[in-house]
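Engineer: Task: produce atomic coordinates for the following.
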Amino acid sequence: MEENKTQGRIAAIVLAGGSGKRMGGSVPKQYRKLCGRPMITYSLEAFEKSGVDQVVLVTGREEVEYCRKEIVEKWGFQKVAAVVPGGKERYHSVYQGLKALKNCDYVLIHDGARPLLSQDIIERAITGAMEYEACVIGMPVKDTIKVADEDGFAVRTPDRSRLWQIQTPQAFSYELARRAYDRIMADETLQQGITDDAMVAERAEKIKVKLLPGSYENLKVTTPEDLYLAEALLARRMAGNSSASHFISQ
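Structural biologist: Now for the predicted structure:
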């Protein structure tokens, strides 16, 4: 894809590390088959079809060569510019992805275990990064949430109308993301309790991160139940657009 001079260069980091212990089994969840394909291929395909210019795939050190040959080459992903090993924690892996990017103005960071990523969500994240510098995709929670004490007793019920469940991609100007991650990586006291990229930006840059609507279908596959649901949703999606999953050579 040619560079869009008006919007700058857009990149995506797709995280495919982690052992998936809650899923069980010997195969990491991101390589489990969904509708006959490795789960990670769905996120990569979504970015391949999008306005993103380049993709960096971050995986476990032992899976780098596997991903190059069995995922990127086998499935014909042209936008994947690099496959790099991640680190111990999620933020370590994101940092490795940021360092591997070249000539980038905006970056979308996405969990490879969210295979139902749509073009609408990608475009919303790109637009949000351009407008706000830092945004995350998410959805309002459906259930009542209780805050528990250390003994498992409910101590508080937050106002559900103000609560969001956060998804990915999370999108930023590259300069902001790199600056925030440089600061986090240089100061271990800032790393405590970090679970997503928005926390890195909030903690290191002291900024507000915009929340943008995603989709309840944009689920993260963590347990066997998630796997069954994701497969059903993907099958329905492919039935509605039979050509959607066949543009990549196998």
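
Engineer: tell me, what residue is most central in this structure?
Structural biologist: Closest residue to the average C-alpha location of the chain: H110 at 1.3 Å, with CA atoms, centre = their mean.

Engineer: For that residue, what is the enclosing helix or strand?
Structural biologist: strand 106-111 (DSSP states H and E).

Engineer: A11 too?
Structural biologist: Per DSSP H and E: strand 10-16 holds A11.

Engineer: What angle do strand 106-111 and that strand make with each other?
Structural biologist: Interaxial angle of strand 10-16 relative to strand 106-111 (axes from the mean of the first three to the mean of the last three CA atoms, to 10 degrees): 20 degrees.

Engineer: Please identify the buried residues of the very next helix or strand once past the strand holding H110?
Structural biologist: Per DSSP H and E, the first helix or strand lying C-terminal to strand 106-111 is helix 119-132. Across helix 119-132, burial judged by 16 or more other CB atoms under 10 Å covers I121, I122, R124, A125, I126, G128, A129, M130, Y132. Quick note: C-beta positions are derived from backbone N, CA and C, even for glycine.

Engineer: helices or strands next to the helix ranked longest in the chain in the packing?
Structural biologist: Secondary structure of the chain per DSSP state H: the longest helix is helix 224-240. In terms of contacts (3 or more CB pairs under 8 Å, 6 or more residues apart in numbering; DSSP states H and E), helix 224-240 is packed against strand 33-34.

Engineer: For this structure, which segments are assigned as helices?
Structural biologist: Assigned by DSSP H, the helices in the chain fall at 40-48, 64-66, 90-100, 119-132, 174-186, 197-205, 224-240.

Engineer: Could you write out the alpha-carbon coordinates of the fifth one in CSV?
Structural biologist: Spelled out, it's helix 174-186. The C-alpha coordinates for helix 174-186 follow below in CSV (Å, rounded to 0.1, in the frame of the first residue of the first chain):
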residue,chain,number,x,y,z
TYR,A,174,4.1,6.4,17.8
GLU,A,175,6.0,9.2,19.5
LEU,A,176,3.8,9.1,22.6
ALA,A,177,3.8,5.3,22.8
ARG,A,178,7.6,5.1,22.4
ARG,A,179,8.2,7.9,25.0
ALA,A,180,5.8,6.3,27.5
TYR,A,181,7.3,2.8,27.1
ASP,A,182,10.9,4.1,27.3
ARG,A,183,10.0,5.7,30.7
ILE,A,184,8.2,2.6,32.0
MET,A,185,11.1,0.3,31.0
ALA,A,186,13.6,2.6,32.6
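
Engineer: Quick one: mean pLDDT over it.
Structural biologist: Average pLDDT, helix 174-186: 98.

Engineer: got the buried residues for it?
Structural biologist: Residues Y174, L176, A177, R178, A180, Y181, I184, M185 are the ones in helix 174-186 that count as buried (16+ other CB under 10 Å).

Engineer: and the angle for the longest helix of the chain with helix 40-48?
Structural biologist: Using the same axes, to 10 degrees: helix 224-240 against helix 40-48 is 50 degrees.

Engineer: helices or strands up against the top strand by length along the chain?
Structural biologist: Identified as the longest strand of the chain according to DSSP state E is strand 164-173. Counting by 3+ CB pairs under 8 Å, 6+ apart, the packing neighbours recorded for strand 164-173 are strand 106-111, helix 119-132, strand 134-140, helix 197-205.

Engineer: Using CSV, write out every CA atom in the second one.
Structural biologist: Looking back up the chat, that one is helix 119-132. Only the C-alpha atoms of helix 119-132 are listed here, as CSV (Å, rounded to 0.1, in the frame of the first residue of the first chain):
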residue,chain,number,x,y,z
GLN,A,119,-12.3,-3.4,9.7
ASP,A,120,-14.7,-0.9,11.4
ILE,A,121,-12.8,-1.3,14.7
ILE,A,122,-9.4,-0.9,13.0
GLU,A,123,-10.6,2.3,11.2
ARG,A,124,-12.1,3.6,14.5
ALA,A,125,-8.8,3.0,16.3
ILE,A,126,-6.8,4.7,13.5
THR,A,127,-9.1,7.8,13.5
GLY,A,128,-9.0,7.9,17.3
ALA,A,129,-5.2,7.8,17.4
MET,A,130,-5.0,10.7,15.0
GLU,A,131,-7.6,12.8,16.9
TYR,A,132,-6.7,12.0,20.5
